[in-house]
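Chemist: okay, here's the prediction I keep looking at, along with the sequence it came from:
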Amino acid sequence: MEMKMEIPVIDFSKLETSETMALLHEACENWGFFMIENHNVDMEVMEKVKAQTKAHYEQAMKPAFLASETAKSLSSTKNEYIHDRDWESSFFIWHHPDSTTTALPNCLRQLMEEYISQLMRLAEKLSELMCQNLGIKRTHMMEAFSGCRGPSVGTKVAMYPECPRPDLMRGLREHTDAGGIILLLQDDQVPGLEFLKGGEWVKIPPSKNDRIFVNIGDQVEILSNGVYKSAVHRVMAMKEGNRLSIATFYNPAGDAVISPAADLLLPKDIRFKDYLSLYTQTKFGDKAIRFQSLKAMATNN
């Protein structure tokens, strides 16, 4: 089932307000995705990246996609749903700690480098805000992701071309993202992205006014001890329009060990009779405050 919901929008110009921080926390906890605006990423650079990426697809990627096994499989199928392919044309660029050399025009490569340098700062800011809302050290996520050489940052550039039979294939099959924080610069005209919330699919509208769409990956769910959730999502194939997707992944380093932040874990050495004693005193109070008291008891012990 599909549903319409008011997707959370985080205004980065109002981060000093408790209302905005509470909205960010609620979005991470109950949605796993949200949009951000007034993010200070250069809008002119964003528009140039989108325009030049679309031009690169038309010139260098479209002919290969139309000749691909994916395109051929759709034209040859006998109305049977294709489960093992995605209707997308894409490439991946690594930015950090090592960068990959790709066969991109120099102007597009330079634009991407300028855009990603700004996006990395935005991802780090988001990680600090998430940690602040979780009540742990602001730099905890950055430090946990760093490993020996800093976090892994890469970008998947994808075009979802017009599909003659969108009923027979996904643009991209259902999945959660493996990494940390994902920042998506998406098409401003063509829809197709959908996220699962409460057992129902939420249609993500095209991004207007250079909003950036953000979703949480599995490693943030692990680090937050399940407080923040990674969300299942997919891309629907569309009969009209080519949908652009530029997704940048702020991920842990390959050698980083991710585990729940210690400050978010309940103590292991509290006896039940001690808990029961605390419970009888606070039964009708806030459970979260009772758990905080448990941590204080463990520290004192």
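Modeler: Ah, there it is. Residues are numbered from 1 along each chain as shown.
Chemist: show me where this protein has helices.
Modeler: Along the chain, counting by DSSP state H, helices occupy 18-30, 43-56, 62-66, 69-76, 106-134, 140-146, 218-223, 272-282, 287-300.
Chemist: to residue 178, which of those lies closest?
Modeler: Set against residue 178 and scored by CB to CB, the helices of the chain come closest in helix 218-223, at 5.4 Å. Using the backbone N, CA and C atoms, a C-beta is placed for each residue, glycine as well.
Chemist: packing partners of that closest one?
Modeler: When contacts are defined as 3 or more CB pairs under 8 Å, 6 or more residues apart in numbering; DSSP states H and E, helix 218-223 sits against helix 140-146.
Chemist: can we see that at 10 Å?
Modeler: Packing contacts for helix 218-223, counted by 3 or more CB pairs under 10 Å, 6 or more residues apart in numbering; DSSP states H and E, involve helix 106-134, helix 140-146, strand 181-186, strand 243-251.
Chemist: so where's the stretch 51-200 of the chain uncertain?
Modeler: Where the stretch 51-200 of the chain drops to pLDDT under 70, the residues are 77, 101.
Chemist: do you know which of the helices of the chain lies nearest residue 196?
Modeler: helix 18-30 (12.9 Å).
Chemist: got the angle between the closest one and helix 106-134?
Modeler: Between helix 18-30 and helix 106-134, the angle comes out at 100 degrees (axes from the mean of the first three to the mean of the last three CA atoms, to 10 degrees).
Chemist: for helix 18-30, packing partners?
Modeler: strand 9-11, strand 33-37, helix 106-134, strand 212-216.
Chemist: can I get the ones you listed in a markdown table with distance to residue 202 and mean neighbour count?
Modeler: Output for the helices and strands packed on helix 18-30, formatted as a markdown table (distance: least, CB to CB, whole Å; neighbours: other CB atoms under 10 Å):
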| stretch | distance to residue 202 | mean neighbour count |
| --- | --- | --- |
| strand 9-11 | 14 | 17 |
| strand 33-37 | 9 | 20 |
| helix 106-134 | 21 | 18 |
| strand 212-216 | 12 | 23 |
